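Peer 1: Here is my input; please provide its structure:
(2 chains)
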Protein chains: 2
Amino acid sequence: MKALILTANGFEEAELLVPCYRLREEGVPVDIAAPARGRLRGEHGYPIEADRAFGDITPLEHDVLVVPGGRAAETVAEDAAATRIAVWFIEEKRPVGAICHGPLVLAATGLMEEREATGHPSTAFALRAARIRYVDEEVTTDGEIVTSRRPADLPAFMRELMKLVHRRRAATGR
Amino acid sequence: MKALILTANGFEEAELLVPCYRLREEGVPVDIAAPARGRLRGEHGYPIEADRAFGDITPLEHDVLVVPGGRAAETVAEDAAATRIAVWFIEEKRPVGAICHGPLVLAATGLMEEREATGHPSTAFALRAARIRYVDEEVTTDGEIVTSRRPADLPAFMRELMKLVHRRRAATGR
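Peer 2: Okay, the predicted model is just below:
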């Protein structure tokens, strides 16, 4: 089992740090990918290192995808290589968690028609424009896709995402 | 089950956010206490709300104590009301987790003689001065006290702390 976080400068700190360390606590290594390798800063300036560039990620390398929010998610949603990565996960039905502005990246795949998702209220219009059935709930799970609205939803978001991670671990034996 | 975080301005963001949301994921409500109620800023400016002032915490109200690092931990270690809270937990053998500069608060209780602990390498001298047996490991558990050195140790820190939380839940039925 290996997880991938797609982000960029301006990530929402809690929405990246909490899933990242939670997965590592569970023994799941986490790669952080961004437009380029190297130092990233969160919305408040918190520093992390991106170990990978979007363009260097190969299909089926990771089991779980996480897309945190913040302005970062808009950068990710506009990046063709990052969107392609999200497409692989959705087509392969591997666990995906997106929170706050993160669901914009799912919308950009064009694969979310008639799927149910939530996200930050300010993204509702864009998500509906991508034909997503937007719901205003702390967490929504549709198949292997878990979405939440904001940092305060992280406990519910992580509970649902970890269920999918455990289910995938049981199914694959990884 | 209820947890308490002791902190102040200048907390290390990951060391506060990760345990806080991890405990809430587990269904354990978390109170954040500081010298005074209200807005706190992390080392990089991340904002959180302190729901309680140290002076308003009453003994035995909480089951688990967490002390994150950052400059905040020095403020906490010098606060008599905060130190008294740490004394209650250690005397009552309730789970305590301290990371980075957080173990300075445990040292300030005067109850750590001959106990084993780790912490940020820059605190080793102060911890040894409090007669703590300082070890340089990602996590050390001595009885109900779990300590770690830095954010990168959070996965190991949370694994050990959650073991104590689950053990206490089983023992108390809370």
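
Peer 1: quick one: buried residues of stretch A:47-57?
Peer 2: A:48, A:50, A:52, A:54, A:57 (16 or more other CB atoms under 10 Å in any protein chain shown). In short, each C-beta sits where N, CA and C put it, glycine included.

Peer 1: Ok, stretch A:26-46 next?
Peer 2: By neighbour count on 16+ other CB under 10 Å, the buried set for stretch A:26-46 is A:26, A:28, A:30-35, A:40-44, A:46.

Peer 1: Now the two most distant members of the residues you listed.
Peer 2: By the measure CB to CB, A:26 and A:35 form the most distant pair in those, at 27.6 Å.

Peer 1: before we move on, back to that, now distance to chain B too, for the buried residues of stretch A:26-46, in CSV please.
Peer 2: What follows is those, written out as CSV (distance: CB to the nearest CB, whole Å):
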residue, distance to chain B
A:26, 8
A:28, 9
A:30, 10
A:31, 15
A:32, 13
A:33, 19
A:34, 18
A:35, 21
A:40, 13
A:41, 9
A:42, 7
A:43, 8
A:44, 4
A:46, 5
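
Peer 1: Among these, which are located in helices?
Peer 2: Among these, no member falls in helices (criterion: DSSP state H).

Peer 1: got the residues of chain A near chain B?
Peer 2: Residues of chain A lying near chain B by CB under 8 Å from any CB of the partner chain: A:13-14, A:17-18, A:21-22, A:24-25, A:42, A:44-47, A:154-155, A:158-159, A:162.

Peer 1: Let's see that with 10 Å instead.
Peer 2: A:12-28, A:30, A:41-48, A:151-162 (CB under 10 Å from any CB of the partner chain).

Peer 1: Quick check: longest helix in chain A by residues?
Peer 2: helix A:154-172.

Peer 1: average model confidence for it?
Peer 2: Mean pLDDT, helix A:154-172: 97.

Peer 1: Which other helices and strands does it contact?
Peer 2: helix A:13-25, strand A:64-67, strand A:96-99, strand A:139-142, strand A:145-148, helix B:13-25 (3 or more CB pairs under 10 Å, 6 or more residues apart in numbering or on different chains; DSSP states H and E).

Peer 1: coming back round to it: so which of the buried residues of stretch A:47-57 comes closest to residue A:107?
Peer 2: Nearest member of the buried residues of stretch A:47-57 to residue A:107, counting by CB to CB, is residue A:54, at 17.4 Å.

Peer 1: Retrieve the pLDDT associated with that closest one.
Peer 2: So, for residue A:54, pLDDT stands at 98.

Peer 1: Can you tell me the closest non-neighbouring residue to it?
Peer 2: residue A:81 (3.9 Å; CB to CB, 6 or more residues apart in numbering or on different chains).

Peer 1: doesn't residue A:59 make contact with the one you found?
Peer 2: No: if you go by CB atoms under 10 Å, residue A:81 and residue A:59 don't touch, sitting 11.7 Å apart.
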